[in-house]
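Trainee: only geometry, no sequence info:
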């Protein structure tokens with residue numbers, strides 16, 4: 001997908017994508033194709049072009065560690081410029097600010113494709129910048145209860161925690177099945193204890209949707225939101 005998309009086209013695409021996500025979470029039915037056709041008619045592109053752009057948005061969300069729409073599998077053919085714009089639009093439309101990661105991660109992948117990649121000098125003193133981000137206030141009792149229920153085992157892969165923390169306790173991380181950034185609740189019916197590997201896969205893995213289904217099927221306390 002080339003970079004020759006106007007800001008208005010990108011904004012309209014992201015707005016449509018976020019609207020479809022909200023309908024999914026609200027349990028409302030809709031037809032994705034109608035969104036593509038409406039955008040195509042307005043901007044003079046094919047509906048297929050907008051469908052693929054939606055898959056690009058899924059890819060940006062995956063780089064952000066966020067959930068993406070079922071049926072719109074991430075398509076990585078998006079340049080760093082458009083990815084940064086899409087990420088910024090998502091934050092603006094949702095009314096939240098998250099650390100910007102998409103453009104950097106795409107650049108990493110582009111550079112990694114070089115056949116002869118020379119050893120870089122890096123930065124001895126990396127520049128620092130301060131940014132305002134949205135942080136969710138969590139209940140420590142929820143986290144403590146979830147970890148206690150797990151009995152030291154990952155609730156996804158069912159294996160023991162890979163190591164003990166400095167406090168001597170099995171190291172597991174608490175994950176919200178419907179993420180807080182996607183308006184999920186901070187409750188025991190929406191949280192699981194995971195090993196770091198499963199936690200990363202649920203945020204960034206291509207098989208994350210099927211892992212979520214498995215969590216709902218195997219952990220009785222979970223309630224779909």
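Mentor: The structure has been received and is ready for your questions. Treat the numbers as computed from the prediction; the structure is a model and nothing was measured.
Trainee: from memory residue 20 sits against residue 35, does it?
Mentor: Yes: here residue 20 lies in contact with residue 35, judged by C-beta atoms under 8 Å, at a distance of 6.5 Å. C-beta here means a position set from N, CA and C on the backbone, and glycine is covered the same way.
Trainee: for residue 177, which non-adjacent residue is spatially closest?
Mentor: Leaving out its chain neighbours, the residue that sits closest to residue 177 by C-beta to C-beta, 6 or more residues apart in numbering is residue 190, at 5.5 Å.
Trainee: measure the one you found to residue 134 for me?
Mentor: Applying C-beta to C-beta, to the nearest Å, the value for residue 190 to residue 134 is 18 Å.
Trainee: what do you get for residue 78?
Mentor: Distance from residue 78 to residue 134, by C-beta to C-beta: 24 Å.
Trainee: check residue 188 too.
Mentor: Distance of residue 188 to residue 134, computed by C-beta to C-beta: 23 Å.
Trainee: name the SS class of the residue nearest to the spatial centre of the chain, please.
Mentor: With distances taken as C-alpha atoms, centre = their mean, the residue of the chain nearest its centroid is residue 66 (1.2 Å). Assigned by DSSP: H, G, I helix; E, B strand; the rest coil, the conformation of residue 66 is coil.
Trainee: and the pLDDT at it?
Mentor: You'll see residue 66 listed with a pLDDT of 94.
Trainee: residues touching it, list them.
Mentor: Contact analysis of residue 66 by C-beta atoms under 8 Å, 6 or more residues apart in numbering lists 179, 181, 182, 203.
Trainee: phi first, then psi, for it.
Mentor: phi -110, psi 160 (degrees, to the nearest 10).
Trainee: list of residues touching stretch 41-53?
Mentor: 1, 5, 8-10, 12-13, 16, 32-33, 35-37, 39-40, 72, 75, 77.
Trainee: return a PyMOL selection command for the buried portion of the residues you listed.
Mentor: Entered in PyMOL, the line below selects the buried ones among these, by 16 or more other C-beta atoms under 10 Å:
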select buried, resi 5+9+10+12+13+16+32+35+36+39+40+72+75
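Trainee: quick one: which of the contacts of stretch 41-53 sit in strands?
Mentor: Among the contacts of stretch 41-53, no residue falls in strands (DSSP state E).
Trainee: centre of the chain to the helix or strand of the chain with the lowest mean pLDDT, how far?
Mentor: Least confident helix or strand, the chain: helix 102-112 with a mean of 90, by mean pLDDT, DSSP states H and E. How far helix 102-112 lies from its chain's middle: 17 Å, per C-alpha atoms, centre = their mean, to the nearest Å.
Trainee: report all helices and strands that it contacts.
Mentor: Applying 3 or more C-beta pairs under 8 Å, 6 or more residues apart in numbering; DSSP states H and E, one finds that helix 102-112 contacts helix 47-63, helix 80-94.
Trainee: okay, buried residues for it please.
Mentor: Residues of helix 102-112 classed as buried: 102, 103, 105, 106 (neighbour count, 16+ other C-beta under 10 Å).
Trainee: quick check: the farthest pair among the residues you listed?
Mentor: Taking C-beta to C-beta, the two most distant members of these are 103 and 105; they sit 7.5 Å apart.
Trainee: residue contacts, residue 8?
Mentor: residue 43.
Trainee: what's the following helix or strand after the least confident helix or strand of the chain?
Mentor: Later in the chain than helix 102-112, the nearest helix or strand by DSSP states H and E is helix 140-150.
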